[in-house]
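Asks: Predicted model and sequence follow; I will ask about them next.
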Amino acid sequence: MLLRRRATSKTALAVTALLAPALLAPALLGTEAAAAAAFTAGPGSPVAARTVVSSLAWRGCGGDLPATVECATLKVPLDHREPGGKKIDLSLSRIKAANPDKRRGVLLFNPGGPSTSGLFYPLALSDYLPHSVKDRYDLIGFDPRGVGASSPLACGTTNAGERKTYRPYTKATFAKDVAWARDIADRCQKRNRETIPHINTRNTARDMDAIRHALGERKISYFGLSYGTYLGSVYIQLFPNRADRFVLDSAVDPKRVWRGMARSWAVQAEATFDRWTEWTARHSARYGLGDTAAEVEKLFRDIVARADREPLDLGGTIFNGADVREYIRWEIPHPSLAARTLGLLRDAAAGKPVPTFPTFVPTDNELASYTAVMCGDVRWPTDPAVYQTDARRDSVRYPLYGDSVSNIFPCAFWDRPAEAATKIDNKVPALIVQNEWDPQTPLATALGLRRALKGSRLVTVDEGQGHGVYLRGISACADDAATEYLTTGRLPAGDVTCAATSNISRKSPTVRACLNDTEHQRALAERAAR
């Protein structure tokens with residue numbers, strides 16, 4: 001889902017993408033693509049490349065990127081049902097397999113979003129990927145259609161206030177929020193009238209198959225994070241015979257796309273918040289924020305109320321109560337960081353100077369491509385009263401974030417999607433890896449994807465915290481499972497629960513609680529939801 005990030009240099013951007021899995025799109029590609037593939041499509045059927053595509057023209061990417069990273073552009077049909085019609089550009093990157101003798105094929109990446117650039121995600125991961133993986137695959141990055149350097153969308157917004165997608169509900173501001181949602185929907189669609197109906201996950205999956213064909217590969221392997229798990233599962237459904245080894249990290253439940261996924265954040269936030277207040281109380285000697293969970297929570301609620309009455313100045317950034325709630329929501333999976341932040345918020349409320357708090361401000365392209373996919377994949381409720389009722393109720397049930405994710409959204413005023421969402425239901429093998437305590441894709445949503453992908457295996461990190469598992473130092477056991485699958489094709493015999501690395505010896509990275517039963521993982525999900 002949409003994540004916070006800050007602009008930086010191209011090289012630093014690639015390196016830091018592992019920690020904040022979303023990239024800003026640099027406009028540095030100057031390559032031209034060869035001829036586009038021809039496609040066939042029947043009603044409700046996948047669109048597959050069937051004629052020979054010329055070789056991609058790979059060149060250096062320029063800038064301060066290393067020479068090992070190559071870039072190219074591929075032209076694909078805007079509407080895959082009309083292969084002879086208008087074309088759009090997809091920007092690609094490649095790092096060749098380190099050992100040609102061991103090369104198996106290509107490994108495509110998607111770091112999440114929707115709206116996130118994946119062009120240099122392989123470079124960001126290259127220092128972390130095991131040599132056994134880099135030996136076997138060409139690492140392929142790409143910006144999805146409408147994003148970054150791939151025929152980017154724009155809505156024409158000019159300020160951060162217009163681009164704030166999840167807005168706290170109040171009765172007094174709801175009419176303004178409805179007007180904002182209608183305005184964003186109108187501006188985005190009018191500005192991109194020809195293009196925007198074709199910016200959706202199904203067409204991005206079809207683009208992935210065009211990339212496969214242009215690369216001359218019979219199959220592709222894939223690593224997708226967050227939204228990338230949904231994109232990967234759609235590809236598996238549309239092109240089951242083209243999917244080789246798919247690792248899906250921090251999983252989206254296809255039955256909850258997309259409003260249901262957003263509302264799941266609120267449920268998970270409450271459970272994670274309770275867990276955090278207990279942790280902070282246990283460390284009261286260090287942070288001084290309360291000796292009990294109730295005291296920590298009261299301090300937080302008092303600061304929110306204070307910021308609603310009179311916004312806080314956080315090093316020049318102004319925070320109201322909703323901003324405080326959202327900031328803490330992002331940080332509570334990392335307890336010490338959130339505790340430090342609460343202390344600084346307390347200082348700001350007392351009028352003391354505090355450091356600048358970095359905030360995420362999406363670009364206009366991020367807003368445009370995000371809403372295009374969120375609204376173009378599925379039909380949302382069209383009656384504002386539905387959102388008002390849900391936001392009122394969820395503000396009480398899930399006070400940390402429920403009102404924001406249930407409030408009115410531009411999709412309420414979006415045109416009907418060009419085609420129905422993909423129903424995920426197959427037995428194609430895949431590996432799903434998931435933290436127990438993930439604020440963006442809760443364990444319950446990973447279980448939903450596991451049920452849909454019946455041939456998959458689910459690796460759950462017991463007590464794992466944060467969004468994203470593979471190569472993050474969270475669980476050596478989970479990392480081993482994903483690496484083994486990518487290099488050998490062997491899936492675990494059944495679903496597996498791994499220990500977090502902090503709870504096991506680094507000298508024994510294969511230690512795992514081999515609880516090969518989905519019931520245990522369901523119990524973890526229920527525990528996280530309490």
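Replies: That came in fine, so what should we check first?
Asks: Mind giving me the packing neighbours of the helix or strand hosting Gly260?
Replies: For Gly260, the enclosing helix or strand under DSSP states H and E is helix 259-282. Applying 3 or more Cβ pairs under 8 Å, 6 or more residues apart in numbering; DSSP states H and E, one finds that helix 259-282 contacts helix 293-309, helix 321-331, helix 335-349, helix 384-397, helix 402-406, strand 430-437, helix 443-452, helix 518-529. The C-beta positions use only the backbone N, C-alpha and C, and glycine is treated the same way.
Asks: Just the CA coordinates for that helix, please, in CSV.
Replies: Provided in CSV are the C-alpha atoms of helix 259-282 (Å, rounded to 0.1, in the frame of the first residue of the first chain):
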residue,chain,number,x,y,z
ARG,A,259,-11.5,-0.9,0.6
GLY,A,260,-11.5,-3.9,2.8
MET,A,261,-7.7,-3.9,2.8
ALA,A,262,-7.6,-0.3,3.9
ARG,A,263,-10.1,-0.9,6.7
SER,A,264,-8.0,-3.9,7.9
TRP,A,265,-5.3,-1.4,8.8
ALA,A,266,-7.5,0.0,11.4
VAL,A,267,-8.2,-3.4,13.0
GLN,A,268,-4.5,-4.2,13.1
ALA,A,269,-3.5,-0.8,14.4
GLU,A,270,-5.6,-1.3,17.5
ALA,A,271,-4.0,-4.6,18.4
THR,A,272,-0.5,-3.3,17.7
PHE,A,273,-1.2,-0.1,19.7
ASP,A,274,-2.2,-2.1,22.7
ARG,A,275,0.9,-4.3,22.4
TRP,A,276,3.0,-1.1,22.1
THR,A,277,1.5,0.6,25.2
GLU,A,278,2.3,-2.5,27.2
TRP,A,279,5.9,-2.6,25.9
THR,A,280,6.3,1.1,26.7
ALA,A,281,5.0,0.7,30.2
ARG,A,282,7.5,-2.1,30.8
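Asks: Which SSE is immediately downstream of that helix?
Replies: helix 284-287.
Asks: quick one on the thing from earlier: pLDDT averaged over the helix holding Gly260 - what is it?
Replies: Helix 259-282 carries an average pLDDT of 96.
Asks: Nearest residue to the middle of this protein?
Replies: Gly112 (3.0 Å; Cα atoms, centre = their mean).
Asks: Apart from its chain neighbours, what residue comes closest to it?
Replies: Closest residue to Gly112 apart from its sequence neighbours, by Cβ to Cβ, 6 or more residues apart in numbering: Ser226 at 3.5 Å.
Asks: Run a quick neighbour tally on the one you found.
Replies: 29 (other Cβ atoms under 10 Å).
Asks: Dihedrals phi and psi, it?
Replies: The phi/psi pair for Ser226 (degrees, to the nearest 10) reads phi 60, psi -120.
Asks: Let me see the confidence value for it.
Replies: 98.
Asks: repeat for Pro335
Replies: With respect to pLDDT, Pro335 has a value of 94.
Asks: coming back round to it: of all the helices and strands packed on helix 259-282, which one is nearest Asp207?
Replies: strand 430-437 (19.6 Å; Cβ to Cβ).
Asks: so what strands line up beside the closest one?
Replies: According to DSSP bridges, strand 430-437 forms sheet pairs with strand 243-249 (parallel), strand 456-465 (parallel).
Asks: What mean pLDDT does the helix or strand following the last one get?
Replies: Next along the chain after strand 456-465, taking DSSP H and E as the criterion, comes helix 476-488. Along helix 476-488, the predicted confidence averages to a pLDDT of 98.
Asks: Repeat that for stretch 398-406.
Replies: Here stretch 398-406 scores 97 as its mean pLDDT.
Asks: Could you do stretch 179-188 as well?
Replies: For stretch 179-188, the per-residue pLDDT averages 98.
Asks: ok, how many other residues are close to the spatially closest residue to Arg490 that is not a sequence neighbour?
Replies: Spatial nearest neighbour of Arg490, chain neighbours left out: Glu484 (5.9 Å); criterion: Cβ to Cβ, 6+ apart. For Glu484, the count of nearby residues is 17 (other Cβ under 10 Å).
Asks: where does Glu484 sit relative to Ala175, distance-wise?
Replies: Using Cβ to Cβ, to the nearest Å, Glu484 is found at 55 Å from Ala175.
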